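Novice: Predicted structure and sequence below. I'll ask about it afterward.
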Amino acid sequence: MKLMKLSIKPKKLLLKLPIFIFTIFFLLFETAFPAIAGTATDTYTDVSKINDAASVNYTTESGALKMGFGTGDGADGPITLSANKNINTDPIAPGRTSADGVNYAVSAIGTNTATATTAPAGIAAGDEVLLINLQGDATNSGNAGNYEFLNVQSVSVNTITFSSNVQKIYGATTSNSTLTGQKIAVQRVPNYT
């Protein structure tokens, strides 16, 4: 019987060791790093080459490319917290009577609308909202996790009309026409300064 000789070449090990250490470090500590928030701006002489209609993450304004990272517009103004607050249940911003981050279950989605199961008190024209599929059912869960941020154009009874079309699919299949088995919500996004 012939025995195989196992040899580890120190030079190859030294070359691969830093990659291995980096990979382990990244996997262990990736959630410890803060998320990026803010706005980046760059100036271009010819903005006609930039297609900002295809993105919700950047726009052009006076020859500048503005990339937003969810910083909001500050419409809710400054807040001061002196106690624990919950944006889902507490009015925090001055002048609000409903919770700052009210949320409602969605029963239907149209081209640029979402119908809440109850009248969406606390959501008004000009608000930013999050539309999200929180959970699918056992057979239709392919669209669970889909989300987008939209601006509210108007609210009438239970229907929220957005200033742009809904881009993602939240339905049970390949359209938004059937929401059976899906848990879809719309939530107001507070914009503090």
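Specialist: Happy to help now that I have it. Every value quoted in this text rests on a predicted model; they were computed, and no experiment measured them. Residues are numbered from 1 along each chain as shown.
Novice: Which stretches in this protein count as helices?
Specialist: 10-29 (DSSP state H).
Novice: where does it have low pLDDT?
Specialist: Along the chain, the model assigns pLDDT under 70 to residues 1-71.
Novice: Grab the longest strand from it for me.
Specialist: Scanning the chain for the strand with the most residues, using DSSP state E, yields strand 147-156.
Novice: counting contacts, what elements does that strand pack onto?
Specialist: strand 128-135, strand 159-162 (3 or more C-beta pairs under 8 Å, 6 or more residues apart in numbering; DSSP states H and E). Yep, even glycine has a C-beta here, placed from its N, CA and C like the rest.
Novice: 10 Å instead, please
Specialist: strand 113-116, strand 128-135, strand 159-162, strand 183-189 (3 or more C-beta pairs under 10 Å, 6 or more residues apart in numbering; DSSP states H and E).
Novice: Given the third one, what are its sheet partners and their directions?
Specialist: It refers to strand 159-162. Strand pairing for strand 159-162, determined by DSSP bridges: strand 113-116 (antiparallel), strand 147-156 (antiparallel).
Novice: Format the ones you listed as JSON lines; extra columns: mean neighbour count.
Specialist: Listed next are the strands paired with strand 159-162 as JSON lines, based on neighbours: other C-beta atoms under 10 Å:
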{"stretch": "strand 113-116", "mean neighbour count": "21"}
{"stretch": "strand 147-156", "mean neighbour count": "16"}
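Novice: of all those, which lies closest to Asp76?
Specialist: For the strands paired with strand 159-162, proximity to Asp76 was assessed by C-beta to C-beta; strand 147-156 is nearest, at 13.7 Å.
Novice: The strands paired with strand 159-162: which one's closest to Gly77?
Specialist: strand 147-156 (17.8 Å).
Novice: To Asn88, which of the helices and strands packed on strand 147-156 lies closest?
Specialist: Evaluated with C-beta to C-beta, these place strand 183-189 nearest to Asn88, the distance being 8.0 Å.
Novice: Give the pairing partners of the closest one; include direction for each.
Specialist: Neighbouring strands of strand 183-189 in its sheet, by DSSP bridges, are strand 103-109 (antiparallel), strand 128-135 (antiparallel).
Novice: okay if I get those as CSV plus mean neighbour count?
Specialist: Below are the strands paired with strand 183-189 laid out as CSV (neighbours: other C-beta under 10 Å):
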stretch, mean neighbour count
strand 103-109, 19
strand 128-135, 19
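Novice: of the ones you listed, which approaches Lys168 most closely?
Specialist: Among the strands paired with strand 183-189, strand 128-135 sits nearest to Lys168 (C-beta to C-beta), with 7.8 Å.
Novice: Export the strands paired with strand 159-162 as a markdown table, with columns for distance to Ser107.
Specialist: Converted to a markdown table, the strands paired with strand 159-162 look like this (distance: least, C-beta to C-beta, whole Å):
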| stretch | distance to Ser107 |
| --- | --- |
| strand 113-116 | 5 |
| strand 147-156 | 15 |
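Novice: Select, out of the ones you listed, the one closest to Thr139.
Specialist: strand 147-156 (21.4 Å).
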